[in-house]
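Enquirer: output the structure for:
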Amino acid sequence: MKQITFILLFISFNAFTQKSETIRIDSLPIYGAFLEKGWTWHLGDSPDYAKADFDDSTWESIDPTKDIMELPQLPKTGEIFWLRFHQSIDSSRMQQLVMMIFQSGASEFYLNGKLIHSFGVLSKNPLEIKAFTPFFKPVSLPIQPITSQVLAVRYAFQPNISYSSSYGYRNLCLGISVNSIENGNERFAGHTGLGYRIIAHVAAFSILCLFYFTT
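Expert: Presented below is the predicted three-dimensional model:
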């Protein structure tokens, strides 16, 4: 599978030094670009946080791809918080892109101030929050023909969920891989097929065990 080449600049803001760091990626491999650096976060809720021109230079840096238990600063009892990510894309090499998302809470995704996706049920009432993950199913990333793009995520965890860590399973707060439509769909199809095969094998093994211990 050929690689799709383009220039993608991720700009992260250090909340303490307010000095920007630029990471340059010259190619988008088949597995996509995993967005782990360049994020900031803030506890609270305001529609202004979705706006592209909102000043988030005082927000704290965070790596949302960590397990939620490795992020003690994030509230787990239903309080809403926001994550923001600044990216600069070479418009001369733009193409249609998708995001492949895994999350452990409920969310709303805004690109340059416009709501583009929502997963689960997000509410100011913690009892109404319903967590949901799309399990890396490709969804559109409708980048615009402008240099700067701002991805803002309104987010909350559903209270009183018991998150499993068995067999090395990691409960990512928010994992996003950016890819082309073609590669994203192919990778999701491969993951889905593997998942069904694993479920089938586990089910077959369970039936054999049940047959063995009941005869």
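Enquirer: tally of neighbours for Asn185?
Expert: The number of residues packed near Asn185 is 15, by other Cβ atoms under 10 Å. Just so you know, the C-beta spots here come from the backbone N, C-alpha and C atoms, and that holds for glycine as well.
Enquirer: which residues does the residue nearest to it when sequence neighbours are not counted bridge with?
Expert: Leaving aside its chain neighbours, Asn185 sits nearest to Pro138 (5.7 Å; criterion: Cβ to Cβ, 6 or more residues apart in numbering). Beta-bridge pairing for Pro138 (DSSP bridges): Met100.
Enquirer: what sits against Pro138?
Expert: Val98, Met99, Met100, Asn179, Ile181, Gly184, Asn185, Phe188 (Cβ atoms under 8 Å, 6 or more residues apart in numbering).
Enquirer: out of those residues, who's nearest Gly32?
Expert: When those are compared for distance to Gly32 (Cβ to Cβ), Asn179 wins out at 3.4 Å.
Enquirer: just say helix, strand or coil for that closest one.
Expert: Secondary structure assignment for Asn179 (DSSP: H, G, I helix; E, B strand; the rest coil): strand.
Enquirer: any weak-confidence spans in this structure?
Expert: Counting by pLDDT under 70, the chain has low-confidence residues at 1-28, 89-95, 146-147, 165-168, 190-215.
Enquirer: now the strands for it?
Expert: 8-13, 20-25, 33-34, 39-43, 60-62, 81-89, 97-103, 106-111, 114-119, 138-141, 148-156, 174-180 (DSSP state E).
Enquirer: which strands or helices does the shortest one pack on?
Expert: Right, strand 33-34. strand 174-180 (3 or more Cβ pairs under 8 Å, 6 or more residues apart in numbering; DSSP states H and E).
Enquirer: now do the strand it packs on: which elements does it pack against?
Expert: strand 33-34, strand 97-103.
Enquirer: hey, what's His42 bridged with?
Expert: In beta-bridge terms (that is, DSSP bridges), His42 pairs with Trp82.
Enquirer: let's number from 51 now, not from 1
Expert: In the new numbering, first residue 51, that becomes His92.
Enquirer: and it, how many residues sit next to it?
Expert: His92: 17 neighbours (other Cβ under 10 Å).
Enquirer: would you indicate which residues of stretch 125-137 are buried?
Expert: Within stretch 125-137, the residues that qualify as buried by neighbour count (16 or more other Cβ atoms under 10 Å) are Lys126, Gly128, Glu129, Ile130, Phe131, Trp132, Leu133, Arg134, Phe135, His136, Gln137.
Enquirer: nearest to Lys116 among the residues you listed?
Expert: Checking these one by one against Lys116 (Cβ to Cβ), the nearest turns out to be Leu133, at 12.5 Å.
Enquirer: so how far is Ile112 from the closest residue to that closest one other than its chain neighbours?
Expert: Leaving out its chain neighbours, the residue that sits closest to Leu133 by Cβ to Cβ, 6+ apart is Val203, at 4.3 Å. Distance of Val203 to Ile112, given as Cβ to Cβ, to the nearest Å: 11 Å.
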